[in-house]
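Q: Provided below are the primary sequence and the corresponding predicted coordinates.
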Amino acid sequence: MKNLKKITGAFVLFFLFAGGFIFAQDRAINANQLPKTAKNFLALHFKGIDVGSATEDREIYGVDEYKVYLANGVKVEFDSKGNWKEVDGKHQKLPYGFIPASIRNYAAKNFPNTYVIKIEKERWSYKAELSNGLDLEFDRDGNFKRIDD
């Protein structure tokens, strides 16, 4: 009887896990369907640059993230609430308004002839890629940790 419960439990977990992959999908959306926080971010930091396309990544439990591709090639990823997670300039200089001041200052002081072309905000850290190809890692307060290879 115990084995039957374990096997049944394993099947239920398997189908729930597999179902997440089956039902997970990207769906094209209109830019005005983005969360207000995301729309405000784009209006403030990428003023005058049109949204080329936008998608929402839907999971079984709801929207997981949004991806926005701007007309100038920049890609911005937002979490389900519209907070930015990653901004990839595709080798273009990113606007500095949303990048923490300590990261901007560190890059400007230590790598004066470079600029940030990509930044990722993770739960406990930031990763910034510079125009010279270096990847810098910072803690969540923006303090330099290391150069990442």
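A: Happy to help now that I have it.
Q: CA only for contacts and neighbour counts going forward, please
A: OK.
Q: Do I have it right that residue 57 meets residue 28?
A: No. Checked against Cα atoms under 8 Å, the pair residue 57 and residue 28 is beyond contact range at 9.0 Å.
Q: I'd guessed residue 148 sits against residue 130; true?
A: No. If you go by Cα under 8 Å, residue 148 and residue 130 don't touch, sitting 11.5 Å apart.
Q: of those two, who's got more company?
A: residue 130 (21 against 11; other Cα atoms under 10 Å).
Q: Tell me, how many residues neighbour residue 124?
A: Neighbours around residue 124, by other Cα under 10 Å: 9.
Q: show me the contacts for residue 126.
A: Residues in contact with residue 126 (Cα atoms under 8 Å, 6 or more residues apart in numbering) are 119-120, 137-140, 142.
Q: tell me which element it falls in.
A: Taking DSSP states H and E as the definition, residue 126 sits inside strand 125-130.
Q: And for residue 57?
A: Short version, using DSSP H and E: residue 57 is in strand 51-59.
Q: Same question for residue 112.
A: Counting by DSSP H and E, residue 112 is part of no helix or strand.
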